[in-house]
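Asker: pasting the sequence and the predicted coordinates here, then a few questions.
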Amino acid sequence: MSKKILVTGGTGYIGSHTVVELQQAGYEVVIIDNLSNSNEEVLDGIVNITGKRPIFFNIDCTDMNALTPLFSEHAFVGIIHFAASKAVGESVQKPLLYYRNNLVSLINLLELMPRHNVKGIVFSSSCTVYGEPDSNPIDENAPIKPAASPYGNSKQINEEIIKDFIHSGADVKSIILRYFNPIGAHPSAEIGELPLGVPQNLVPYITQTGLGIREQLSVFGDDYDTPDGSCIRDFINVVDLAKAHVIAIERMLNDKSNDKVEIFNLGTGIGVSVLELINLFEKVSGTSLNYKIVDRREGDIEKIWAQPDKANNVLGWKAEKSIEETMDSAWKWQLRLREKGVM
Ligand code: WQD
């Protein structure tokens, strides 16, 4: 009987790629998602890759009445919690939505875990919890500064909620994964980043502009204290990121650590600027991108990239795919969406 994992937000971008890796590692997966930023067709893409259709329920994690029967029906050995609102810019405009969604979802899951003997939760956190780093690369011991956005603040509070709950004596373990900037798509081009509506994140906006779906990319500022003036990020391949979640689940379920809460940065350790990424896109796609420099976006960090040593040495995970291969996968995914008439 394969071990059953609950993946919240599993039809989303990182969630769907993680479901594929979990299934290929032999786990049975149950997805819950409220489809606020994804659609059910993602399940077809997963089946096309793995041949196994995950069990799916359209459930909002803030709805305790909907969540509770699920835990009675399924004996989960672990949870990977992705479901959250995650756009920095949007969170500045809609803070209450972000706090309600991102905090209540986690609290509900933590409350249910001990009642149903669910031992571990892998939590999807973010490098945004660091705020603006004093220096880069940044490691897990860096001081947590005031977040630059309600999104980042909600992730900081989430991490504290997990630590306090476990410190209170709950028989639960957690591995907190702080993602840097996930980009790219599965090499099969069966799944990838597919935000509903106008993309908030850089790479889908680039690839949609590359296909003429968007008129022009706005680059939010080129007056930062960086070599080319644009922001610097640590862009990490989404499949590399997904593989880290399987390793984290295995580590927790096999009790590989005495620590009940562990935190890992998941990044490549390489900083790449917005303008550098645009140039890279033009190289892999063979097209010239229509973009213009506009004002800075409120809530943006100037520069941040990971010190990935802890994940490399303790978790035994390392980002392997190059940024060229990753941008190529993003472009191939966009072309596939056009071919399928999705956009
Ligand atoms: C990247 C850079 C923008 C759009 C993301 C996720 C967050 C977290 C961290 C996982 C910034 C610039 C963007 C555009 C632009 N990931 N940009 N024009 O804000 O770093 O955060 O990664 O948890 O959930 O949101 O990513 O892609 O929005 O921005 O110039 O149209 O690209 O200013 O410098 P961000 P992003």
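Answerer: Now that the structure is in, tell me what you want to look at.

Asker: can you pull out the helices in the stretch 51-200 of the chain?
Answerer: 64-73, 88-93, 95-115, 150-167 (DSSP state H, counting those that start in this stretch).

Asker: of all these, which one is nearest the ligand?
Answerer: helix 88-93 (3.9 Å; C-beta to the nearest ligand atom). In short, each C-beta sits where N, CA and C put it, glycine included.

Asker: what comes up buried for the helix or strand of the chain with the lowest mean pLDDT?
Answerer: None of the helices or strands of the chain scores lower by mean pLDDT, DSSP states H and E than helix 88-93, at a mean of 87. Taking 16 or more other C-beta atoms under 10 Å as the basis for neighbour counts, the residues of helix 88-93 that come out buried are 88, 90-92.

Asker: the chain against the ligand: which residues are in contact?
Answerer: Among all residues of the chain, those adjacent to the ligand (criterion: C-beta under 6 Å from any ligand atom) are 86-88, 126-128, 179, 181, 200-202, 205, 217-220, 231, 233, 274, 297, 300.

Asker: separate out the buried members of those residues.
Answerer: The neighbour count (16+ other C-beta under 10 Å) marks 86-88, 126-128, 179, 181, 200-202, 205, 217, 219-220, 231, 233, 274, 297, 300 as buried among the residues of the chain next to the ligand.

Asker: which pLDDT value goes with Gly120?
Answerer: Each residue has a pLDDT score; the one for Gly120 is 96.

Asker: whoops, Ser2 was the one
Answerer: We have a pLDDT of 76 for Ser2.

Asker: which strand or helix spans it?
Answerer: According to DSSP states H and E, Ser2 maps onto no helix or strand at all.

Asker: pretty sure it contacts Ala25?
Answerer: No: look at Ser2 against Ala25 with C-beta atoms under 8 Å: they stay out of range, at 9.6 Å.

Asker: give me the more crowded residue out of the two.
Answerer: In terms of neighbours (other C-beta atoms under 10 Å), Ala25 is the more surrounded of Ser2 and Ala25; the figures are 16 against 12.

Asker: list the contacts of that one.
Answerer: Ala25 sits next to 246, 250 when contact means C-beta atoms under 8 Å, 6 or more residues apart in numbering.

Asker: ok, now how distant is it from Asp33?
Answerer: The gap separating Ala25 from Asp33 is 21 Å, by C-beta to C-beta, to the nearest Å.

Asker: now Ser85
Answerer: As judged by C-beta to C-beta, Ser85 and Asp33 stand 13 Å apart.
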